[in-house]
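> Have a look; sequence and predicted model below, questions after that.
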Amino acid sequence: MRIIEMNNVSKTYSNGVNALNNIDILIEKGEFVYVVGPSGAGKSTFIKMIYREELPSSGSIHIQGSDITKLKSKHVPYLRRKIGVVFQDFKLLPKLSVYENIAFALEVIEEPRHIIRKRVMEVLDIVKLKSKARFLPDELSGGEQQRVSIARAIVNDPRVLIADEPTGNLDPDTSWEVMETLETINRSGTTVIMATHNREIVNTIKRRVIVIESGRIVRDELRGSYSYER
Amino acid sequence: MKGRTLVRHGKEGLKNIGRNGWMSFASISAVTVMLMVVGVFLLLILNLNHFLESVEEDVEVRVYIDLTATEQEQEELRNDLEQLDHVESITYLSKDEGLDQLIDSLGEDNREVFESLRDENPLNDAFILRATDPQLTEQVALQAEELNDIDRVDYGKQVVDQLFKVTNVMRTMGIVLVLGLMFTAMFLISNTIKLTIVARQKEIQIMKLVGATNGFIRWPFFIEGILLGVIGSIIPLALVTGGYYYVYNNYASRLSLDFAELLPASPLSLQVSLILLAIGVFVGVWGSLTSVRKFLKV
């Protein structure tokens, strides 16, 4: 079952920058996909299109069969609940504990309290941070902080997890922790799309690789490696 | 919306006010100053209107009958006057009654001087006309002037016109002043709330990412706006109502001797208070929503 389908998607920003050209892509449910390419190639734009942070200038994007480019903006929040997003800089709230940071994602979509407690404990178990639930983000290592942000991204059980350079700020060891967590999540059936610059990870954990260069998909291999022309 | 959520929004709204103490203070002060001015002007204008209305009701046309007119001619004049358009009532005022009224209106001190006039009354007999509508007084007076056996026709229209001019100027001044102040208050409030949004930008970004609706994100700012408006209206409400009660209780009886009465304090202060509160809340909400809107574009 295809979960993401882009047809002939192009994006030109209002300042004239042409970020993506005629992108066609199919991503099946449960896939693990790396998106690689040089900086400024259009990776971020590609990723932002999926959770509708950006709209394409032309073309269509289907998520689970419905065209999100036609989505009214008041329905966007409900799309976002089906998609978890993780960033390079974690985006945790510094004054809230680990538990509260994760619970925040459910509170703002007005889930009942008993469900929040149950779900937060479940995802803390998945990211192996149960013992640090009461800690503040600053008291954790970078890898742990990223795992908190992953926990927050998956706490409402999204179909797709998007990670925009999740290991970009981390040293190699902690990067592996994060990858382990992403793999666990992927194994449970969540589709994972990860933009990355980390050659070692891509070449070690062999998965589908989509290479984007100057706004085009130049390579799409099922068990690819990290390489693109310079 | 669930009660728990509302409590959460309320807490956030309050926290936001504290987070930008000085800007909140500035917004609240702007609302306070604006509402003080609105309140004072409102009370003045309402009372002036009330006063004018009572003056207008007293507007009458006095048709003084020529001294040489016979009784029959007076009767004919009365018939003619009855034929005029827009005449509601006609009362006859003999010159003796007229003198009594004059003496009464001049007060005790001069009574003796005028009592001496009783034997040689210099006044004319008169008909007093009332128009069906005070605005038509002038028309009635002009028609009456055309008739025979008339010495002169008097009416208080000029005074009323003059008064209307004054109120209109006051009203315009008040509106301009109030609009200017309202604008300032809204501007300050929307700026204050912009600051709280900047302070919470990361939080809002996360809220949007995890699928919070715009309505949900907007609520705390909405509440913050209401609170700024309500807090800003406390002092004007207290001063305006308190002040009016004071004026009414201490001066109303004295003033009413010469002028029309002040509007009673009891319903008026409540009405004015409600208006002020409504304006305060409106300004607060408007200011907050205008600043949030830009930040919520998806």
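Ah, there it is.
> Which pLDDT value belongs to residue 177?
No chain was given, so I picked chain A. Here the pLDDT value assigned to A:E177 is 88.
> my bad, the chain I had in mind was chain B
Reported pLDDT for B:L177: 79.
> and it, what does it touch?
Contacts of B:L177 were listed using Cβ atoms under 8 Å, 6 or more residues apart in numbering or on different chains, and they are B:V37, B:F41. The C-beta positions use only the backbone N, C-alpha and C, and glycine is treated the same way.
> Surely it forms part of a helix?
Yes. Under DSSP: H, G, I helix; E, B strand; the rest coil, B:L177 falls within a helix.
> For it, give its distance to B:L42.
From B:L177 across to B:L42, the span is 12 Å (Cβ to Cβ, to the nearest Å).
> repeat for A:I150
59 Å.
> Compare the two (neighbour count), which wins?
For A:I150 versus B:L42, neighbours defined as other Cβ atoms under 10 Å in any protein chain shown are more numerous around A:I150 (26 against 20).
> need the contact list for that one.
Here A:I150 is in contact with A:G84, A:V86, A:V127, A:L161, A:A163, A:P166, A:V178, A:T181, A:L182, A:I185 (criterion: Cβ under 8 Å, 6+ apart).
> so it is in which element?
Assessed by DSSP states H and E, A:I150 sits inside helix A:142-154.
> do the same with A:L26
strand A:18-28.
> helices or strands up against that strand?
strand A:2-12, helix A:43-50, strand A:191-195, strand A:216-221 (3 or more Cβ pairs under 8 Å, 6 or more residues apart in numbering or on different chains; DSSP states H and E).
> Which neighbours in the sheet does the last one have, and how are they oriented?
Pointing back at strand A:216-221 there. Using DSSP bridges, strand A:216-221 pairs in its sheet with strand A:208-213 (antiparallel).
> ok, A:E213 to chain B distance?
28 Å (Cβ to the nearest Cβ, to the nearest Å).
> count of neighbours near that residue?
18.
> my guess is it contacts A:P38, does it?
Yes. Between A:E213 and A:P38 there is a contact under Cβ atoms under 8 Å: 6.7 Å.
> element containing A:A41, please.
Assigned by DSSP H and E, A:A41 falls outside every helix and strand.
> phi, psi of it?
phi -80, psi -20 (degrees, to the nearest 10).
> thought it was touching A:G215?
Yes. Look at A:A41 against A:G215 with Cβ under 8 Å: they come within range, at 7.0 Å.
> how far does the helix or strand bottoming out on mean pLDDT in chain B sit from the chain's center?
Every helix and strand of chain B was ranked by mean pLDDT, DSSP states H and E. The lowest is helix B:111-115, at a mean of 73. The chain centroid and the centroid of helix B:111-115 are separated by 41 Å under Cα atoms, centre = their mean, to the nearest Å.
> CA atoms only for the helix or strand just after it - export them in CSV, please.
Counting by DSSP H and E, the next helix or strand C-terminal to helix B:111-115 is strand B:126-131. Output of strand B:126-131 as CSV, limited to C-alpha atoms (Å, rounded to 0.1, in the frame of the first residue of the first chain):
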residue,chain,number,x,y,z
ALA,B,126,-50.6,86.1,24.5
PHE,B,127,-51.4,82.7,23.0
ILE,B,128,-48.9,80.0,23.7
LEU,B,129,-48.5,77.5,20.9
ARG,B,130,-46.8,74.1,21.0
ALA,B,131,-45.7,72.4,17.9
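> And strand B:126-131, what's buried?
B:A126, B:F127, B:L129, B:R130, B:A131 (16 or more other Cβ atoms under 10 Å in any protein chain shown).
> Once you drop chain neighbours, what's closest to the third one?
The reference is to B:L129. B:V61 (4.2 Å; Cβ to Cβ, 6 or more residues apart in numbering or on different chains).
> Next, count neighbours for the one you found.
28.
> Which residue does the stretch 51-200 of chain B have closest to chain A?
B:R200 (9.6 Å; Cβ to the nearest Cβ).
> and that residue, what does it touch?
Per Cβ under 8 Å, 6+ apart, neighbours of B:R200: B:N16.
> about what we covered before: quickly check the contacts of A:I150 for the two that are furthest apart.
A:G84 and A:V178 (14.0 Å; Cβ to Cβ).
> who has more neighbours, the two?
Neighbours were counted for A:G84 and for A:V178 using other Cβ under 10 Å; A:G84 has more, 29 against 25.
> hang on, that one is in a strand, isn't it?
Yes. Under three-state DSSP, A:G84 sits within a strand.
> What about the nearest residue to it once chain neighbours are set aside, how many residues nearby?
Take A:G84 and drop its neighbours on the chain: the residue closest to it by Cβ to Cβ, 6+ apart is A:A153, 3.1 Å away. Residues contacting A:A153 under the criterion other Cβ under 10 Å number 27.
> A:A153 and A:L161 touch, don't they?
Yes. Using Cβ under 8 Å, A:A153 is in contact with A:L161, at 5.9 Å.
> who touches both of these two?
A:G84, A:V85, A:V86.
> Nearest to chain B, out of the residues you listed: which one, please.
When the shared contacts of A:A153 and A:L161 are compared against chain B (criterion: Cβ to the nearest Cβ), the nearest one is A:V85, at 5.2 Å.
> for the closest one, what are its contacts?
So A:V85 contacts A:Y51, A:A153, A:L161, A:I162, A:A163, A:D164, B:L209 (Cβ under 8 Å, 6+ apart).
> wouldn't A:V155 be in contact with A:R119 here?
Yes. A:V155 lies in contact with A:R119 (Cβ under 8 Å); the separation is 5.4 Å.
> Between those two, which has more neighbouring residues?
Comparing A:V155 with A:R119 by other Cβ under 10 Å, the one with more neighbours is A:V155, at 24 against 20.
> measure that one to A:F104 for me?
9 Å.
> what's the longest helix in the chain?
Because you didn't say which chain, this covers chain A. helix A:172-187 (DSSP state H).
> wait, chain B
Chain B, longest helix under DSSP H: helix B:214-258.
> any idea which helix or strand comes after that helix?
From helix B:214-258, the next helix or strand downstream (DSSP H and E) is helix B:265-295.
> Enumerate the positions of that following helix that are buried.
Buried, per 16+ other Cβ under 10 Å, within helix B:265-295: B:265, B:268-269, B:272-273, B:276-277, B:279-281, B:283-288, B:290-292, B:295.
> And the residue nearest the centre of the chain?
Picking chain A for this. Most central in chain A under Cα atoms, centre = their mean is A:I162, positioned 1.2 Å from the mean C-alpha point.
> Chain B was what I was after
B:L46 (2.4 Å).
> that older thread, shared neighbours of A:V155 and A:R119, anything?
By Cβ under 8 Å, 6+ apart, the residues touching both A:V155 and A:R119 are A:L106.
> in chain A, what spans have low per-residue confidence?
A:228-230 (pLDDT under 70).
> tell me which parts of it are close to chain B?
Residues of chain A lying close to chain B (Cβ under 8 Å from any Cβ of the partner chain) are A:51-52, A:73-74, A:76-81, A:85, A:91, A:93, A:104-105, A:107-110, A:113, A:152-153, A:156.
> Return the subset of those lying in helices.
A:V76, A:P77, A:Y78, A:L79, A:R80, A:F104, A:A105, A:E107, A:R113, A:R152, A:A153.
> which of the residues you listed has the most neighbours?
In these, the most neighbours by other Cβ under 10 Å go to A:R152, 29 neighbours.
> list the contacts for it?
A:G84, A:L92, A:N101, A:I102, A:F104, A:A105, A:V123, B:I206, B:V210.
> and these as TSV, adding distance to A:S141?
Formatted as TSV, the contacts of A:R152 follow (distance: Cβ to Cβ, whole Å):
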residue	distance to A:S141
A:G84	21
A:L92	13
A:N101	15
A:I102	17
A:F104	21
A:A105	22
A:V123	18
B:I206	21
B:V210	24
